[in-house]
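A.B. asks: what shape does this take:
(one chain, ligands or ions: 3)
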Amino acid sequence: MAPQKCAHPGCSCSVPDKGPFGKYCSEHCKDAGEMTELRCGCHHAGCA
Ligand SMILES: [Zn+2]
Ligand SMILES: [Zn+2]
Ligand SMILES: [Zn+2]
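C.D. replies: Residues are numbered from 1 along each chain as shown. Ligands and ions are numbered 1, 2, ... in the order given. The predicted model follows:
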């Protein structure tokens with residue numbers, strides 16, 4: 001199965017099936033939710 005993409009629109013991280021932040025990659029994306037950000041602030045490698 002392909003990994004899920006983070007549900008935050010500005011984010012390009014993939015999220016593990018049972019990650020600690022649900023459908024988001026990080027606390028940052030969880031807080032930002034569906035809000036559109038110019039640049040994602042999760043600071044993961046590969047996400048800009
Ligand atoms: Zn991100
Ligand atoms: Zn994310
Ligand atoms: Zn991320």
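
A.B. asks: next to ligand 1, which bits of this structure? Give me the list.
C.D. replies: Proximity of the chain to ligand 1, by C-beta under 5 Å from the ion, involves residues 11, 13, 40, 42, 47. For glycine as for every other residue, the C-beta is placed from the backbone atoms N, C-alpha and C.

A.B. asks: which two among those residues are spaced furthest apart?
C.D. replies: Greatest spatial distance in these: Cys13 and Cys40, 7.9 Å, computed using C-beta to C-beta.

A.B. asks: which stretches in this protein count as helices?
C.D. replies: 27-32 (DSSP state H).

A.B. asks: which secondary element of it has the worst mean pLDDT?
C.D. replies: The weakest-scoring helix or strand in the chain, judged by mean pLDDT, DSSP states H and E, is strand 4-5 (a mean of 90).

A.B. asks: note down every partner strand of that strand and its orientation.
C.D. replies: Partners of strand 4-5 in the sheet, by DSSP bridges, are strand 14-15 (antiparallel).
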